[in-house]
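Enquirer: Let me see the structure of the following:
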Amino acid sequence: MKIHATAIVDPHARIAPDAEIGPFAVIGADVEIGPGCWVGPHAVITGHTRLGANNRVYQFASLGEAPQDKKYGGEPTRLEIGNNNTIREFCTFNCGTVQDAGVTRIGSDNWIMAYVHLAHDCQIGDHTIFANNAQLAGHVHVGDYAILGGFTAVHQFCHIGAHSISGISSVVLQDVPPYVTISGNPAKPYGINAEGLKRRGFDPATIIGLKRAYKTLYRSGLTLDQAKSELARQASQCPEAQALVDFLAGSVRGIVR
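Expert: Sure, this is the predicted structure:
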């Protein structure tokens with residue numbers, strides 16, 4: 001392994017033989033760093049934190065620090081990070097709390113830009129993009145392929161659906177259904193993320209079906225319960241709409257309107 005002479009690495013940390021630790025980085029005793037990882041200068045990785053393979057952690061990031069939660073009493077909660085993630089400068093990811101699952105979890109293949117904050121107990125899927133200064137409060141869930149624009153702020157316990165996208169400086173106070181584009185303070189819906197779906201290989205018929213589903217949810221004048229029933233019917237013709245049906249069934253905070 002390549003550990004710079006100025007790095008401070010606890011002898012109990014588990015570091016893969018081919019991992020690289022940069023100058024003045026600090027690695028705690030309960031940290032596990034997988035194969036192919038690169039940790040840049042001055043990064044701090046502490047707590048019960050595990051990084052999978054081929055992650056790149058840039059300078060001054062802080063991973064695995066104690067939650068910013070007054071109820072936290074030093075319990076051995078965790079931060080788990082998957083594979084192939086890019087974590088840019090000054091990101092801060094906190095461990096979980098015992099009031100939730102006890103783990104903050106980031107999946108794989110995520111692109112997380114500078115100054116992003118992921119608070120305790122957040123659950124992040126795969127292939128997401130977090131632009132600079134996106135900020136998540138505690139217990140937020142983010143689905144696969146979601147994109148958060150710069151300075152997006154998400155209230156605690158909100159769920160962000162797969163393939164959704166937020167505009168710059170969006171303030172998210174309620175759940176964001178899959179495929180939906182949002183913007184504003186407070187955030188409001190502005191159609192589906194059609195361009196993102198095209199880039200990911202969704203065929204034209206599916207995109208038309210999801211546009212129809214969006215209109216059913218937001219433009220039809222139906223009550224939410226009525227819209228749920230109609231969306232369930234539409235899912236028989238457009239299977240991708242089932243993700244909307246399932247998301248709405250599990251929503252607790254209500255959805256952006």
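
Enquirer: And the top helix by length along the chain, what does it pack against?
Expert: Longest helix of the chain, by residue count under DSSP state H: helix 204-218. Contact partners of helix 204-218 among helices and strands, from 3 or more C-beta pairs under 8 Å, 6 or more residues apart in numbering; DSSP states H and E: strand 188-192, helix 194-199, helix 224-234, helix 242-250. Placement of C-beta: from N, CA and C, glycine included.

Enquirer: Now do the buried residues in it.
Expert: Residues of helix 204-218 classed as buried: 207, 209-214, 216-218 (neighbour count, 16 or more other C-beta atoms under 10 Å).

Enquirer: Just the closest of these to Asp121, please.
Expert: Leu217 (27.9 Å; C-beta to C-beta).

Enquirer: Without its sequence neighbours, what residue ends up closest to the closest one?
Expert: Spatially, and ignoring its direct neighbours in sequence, Leu217 is nearest to Ala227 (5.0 Å; C-beta to C-beta, 6 or more residues apart in numbering).

Enquirer: Next: Gly82.
Expert: Nearest-residue entry for Gly82: Ser108, 3.6 Å, with adjacent residues in sequence omitted and distances by C-beta to C-beta, 6+ apart.

Enquirer: What of Ala134?
Expert: Per C-beta to C-beta, 6+ apart, closest to Ala134 is Leu148, 4.2 Å.

Enquirer: How about the contacts made by Ile81?
Expert: Ile81 makes contact with 49-52, 55, 63, 87, 93, 105-106, according to C-beta atoms under 8 Å, 6 or more residues apart in numbering.

Enquirer: do that again at 7 Å, thanks
Expert: Residues in contact with Ile81, defined by C-beta atoms under 7 Å, 6 or more residues apart in numbering, are 50-52, 55, 106.

Enquirer: In CSV: those residues, plus neighbour count and pLDDT.
Expert: Output for the contacts of Ile81, formatted as CSV (neighbours: other C-beta atoms under 10 Å; pLDDT from 0 to 100):
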residue, neighbour count, pLDDT
Arg50, 18, 98
Leu51, 28, 99
Gly52, 21, 98
Asn55, 24, 99
Ile106, 26, 98
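
Enquirer: Among the residues you listed, find me the one that's closest to Gly34.
Expert: The closest of the contacts of Ile81, once distances to Gly34 are taken by C-beta to C-beta, is Gly52, at 4.7 Å.

Enquirer: count of residues packed around the residue nearest to that closest one when sequence neighbours are not counted?
Expert: Nearest non-adjacent residue to Gly52, counting by C-beta to C-beta, 6+ apart: Asn83, 4.1 Å away. A count of neighbours around Asn83, defined by other C-beta atoms under 10 Å, yields 18.

Enquirer: next one: the one 10 residues further on
Expert: By other C-beta under 10 Å, the residues close to Phe93 number 27.
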